[in-house]
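> Mind folding the following:
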Amino acid sequence: MENTGEAQEPLAFVSYSWDSETHSNWVIQLATRLRSHGVNVALDRWDTRPGSDLSLFMERAGDDTYRVIAIVTSAYARKADAAEGGVGYERKMIAPSLMKNLHGNRVIPVIRDNPEGKLPRFLGTAKYVDFRDDKMYEDRYYELLQELHGLPATPKPPLGNNPFIPQAGDDFPGTSLHDQTRYSMPALEGAVSFDYTNNNGHFIVGTGERKFTLDFSVAAHGSIYIYNTPPNIKTVALAPGVKTPKEVGDASSWDASSRYRIIRVGDAAILRNQNDYWAAVFVDEVHTRESNPTRENLVKFRYFIPAASRATFDT
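Numbering: from 1, shown residues only. The predicted model follows:
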């Protein structure tokens, strides 16, 4: 392995078939961008020259220090199953490492130009990154990048205590009615109905680095305050009339110079947390006890947190 000074960075070998010049250029663009984001990518177009031993280069696919990004087009799947050409040789290199560790994830299938999403037999039913829809390219790219850097796209929340077993300091068992998890939703998107007079007006969305504590208080029927005061919130902005993630556009373009914003029904709050992830909160209903037939203080909202720490909402 060459000493490039990048030993601390993830190593990735790109396995693909030369289906067309257009496809080869797509692969080069993907590999180039991954390198710009700290992934030490090995690619035949960069790492071989006329006269090079191609088989020696392709044997890197069997080196356990590399993750393998398999760009699985329909042609790639056919060639791998038929043990044909360079793809067939790389399959021969990869397969033994898969047999050594049946629970491993060294190979990351990337589906491209493959309408049926068919994987070659040697990859079985491996979970893949789906690049078939160009409109979803950014989200799929960051999904792949996070995997290569060892960051889960949706972090697993920590395991809590059984609420029916008394813990040290509890006065009585069965504290589920006071469980703080009632005021959180760890998914990266969802819909929430929340009594903003409970839990000091706090509701948590997301988890890990993508965690946002929403701090609410009532303004009036049909509008609500959202503050930037929680420790994990850096800024909050108002996006009037914005109702979907696609309408957010560049999240950094909304004015976030104030400590709080008044969000009316049909508006969105755009938040940035201390880890520089972004979230959009779309307010659908706000009720006070006086205005609500059920006599509840209530805010209903939808939220969306992009998987990547980027300001552009293009979903």
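> Heading C-terminal from the worst-scoring helix or strand of the chain on mean pLDDT, find the next helix or strand.
Lowest on mean pLDDT, DSSP states H and E among the helices and strands of the chain sits helix 54-58, with a mean of 68. Next helix or strand after helix 54-58 toward the C-terminus (DSSP states H and E): strand 67-72.
> Tell me which residues are up against that next one.
10-17, 27, 30, 41, 61, 76, 94, 106-112, 114, 118-120, 123, 128, 144, 148 (C-beta atoms under 8 Å, 6 or more residues apart in numbering). Where you see a C-beta, it was placed from the backbone N, CA and C, and this is true even at glycine.
> Narrow the residues you listed to just the buried residues.
Neighbour-count burial (16 or more other C-beta atoms under 10 Å) applied to the contacts of strand 67-72 gives 10-17, 27, 30, 41, 61, 76, 94, 106-112, 114, 119-120, 123, 128, 144, 148.
> Please name the residues that touch the nearest residue to K300 once chain neighbours are set aside.
Excluding its sequence neighbours, the residue lying closest to K300 (C-beta to C-beta, 6 or more residues apart in numbering) is E285, at 4.0 Å. Contact analysis of E285 by C-beta under 8 Å, 6+ apart lists 265, 298-300.
> pretty sure E285 is in a strand, no?
Yes. Assessed with DSSP: H, G, I helix; E, B strand; the rest coil, E285 lies in a strand.
> what's the pLDDT at it?
Looking at E285, its pLDDT stands at 94.
> Any figure for the gap between it and A95?
Per C-beta to C-beta, to the nearest Å, E285 is found 55 Å from A95.
> Also T213?
From T213 to A95 the distance is 47 Å (C-beta to C-beta).
> before we move on, what about Y16?
Taken as C-beta to C-beta, the span from Y16 to A95 is 17 Å.
> Same question for T294.
61 Å.
> Check G88 too.
In this view, G88 and A95 are 11 Å apart by C-beta to C-beta.
> same check, this time on I226
According to C-beta to C-beta, I226 and A95 sit 53 Å apart.
> low-scoring pLDDT stretches of the chain, where are they?
Applying pLDDT under 70 to the chain flags the ranges 1-7, 51-55, 57, 59, 61-62, 96-104, 153-155, 157, 163-180, 314-315.
> Show me how the record splits it into domains.
The record's domain parsing of the chain by automatic domain parsing lists 11-148, 183-313.
> Tell me which of the ones you listed lies nearest to K156.
domain 183-313 (8.2 Å; C-beta to C-beta).
> Now do stretch 223-234: everything it contacts.
Looking at what lies outside stretch 223-234 - C-beta under 8 Å, 6+ apart - the contacts are 196, 202, 211-219, 235-236, 256, 259-265, 269, 271-276, 281, 283, 286, 299.
> Next up, the contacts around V283.
224, 263-269, 299-301.
> related to what we said a few turns ago, now, which of the buried ones among the contacts of strand 67-72 lie within helices?
27, 30, 76, 94, 144, 148 (DSSP state H).
> Helix or strand: which one has A219?
strand 212-220.
> For that strand, buried residues please.
212-216, 218-219.
> Output the helix or strand just after it as PDB, nothing but the C-alphas.
Next helix or strand after strand 212-220 toward the C-terminus (DSSP H and E): strand 223-227. Output in PDB follows, covering the C-alpha atoms of strand 223-227 (Å, rounded to 0.1, in the frame of the first residue of the first chain):
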ATOM      1  CA  SER A 223     -49.000  31.200  16.400                       C
ATOM      2  CA  ILE A 224     -46.200  30.100  18.700                       C
ATOM      3  CA  TYR A 225     -42.800  31.200  19.900                       C
ATOM      4  CA  ILE A 226     -39.700  29.000  19.200                       C
ATOM      5  CA  TYR A 227     -36.400  29.900  21.000                       C
END
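> What about the contacts of strand 67-72, which are in strands?
Applying DSSP state E to those, the entries found in strands are 11-15, 41, 107-111.
> so what does the helix or strand encompassing K300 touch, helix or strand wise?
Using DSSP H and E, K300 sits within strand 298-304. Counting contacts by 3 or more C-beta pairs under 8 Å, 6 or more residues apart in numbering; DSSP states H and E, strand 298-304 packs against strand 189-194, strand 278-287.
> Please identify the deepest-packed of those strands.
strand 278-287 (a mean of 22; mean count of other C-beta atoms under 10 Å).
> Parallel or antiparallel, list what pairs with that one.
With DSSP bridges as the test, strand 278-287 is paired with strand 268-273 (antiparallel), strand 298-304 (antiparallel).
> May I see the ones you listed organised as JSON lines, with mean neighbour count and distance to T22 added?
Output for the strands paired with strand 278-287, formatted as JSON lines (neighbours: other C-beta atoms under 10 Å; distance: least, C-beta to C-beta, whole Å):
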{"stretch": "strand 268-273", "mean neighbour count": "26", "distance to T22": "37"}
{"stretch": "strand 298-304", "mean neighbour count": "21", "distance to T22": "32"}
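> Including distance to L34, could those strands go into a markdown table?
Converted to a markdown table, these look like this (distance: least, C-beta to C-beta, whole Å):
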| stretch | distance to L34 |
| --- | --- |
| strand 268-273 | 25 |
| strand 298-304 | 25 |
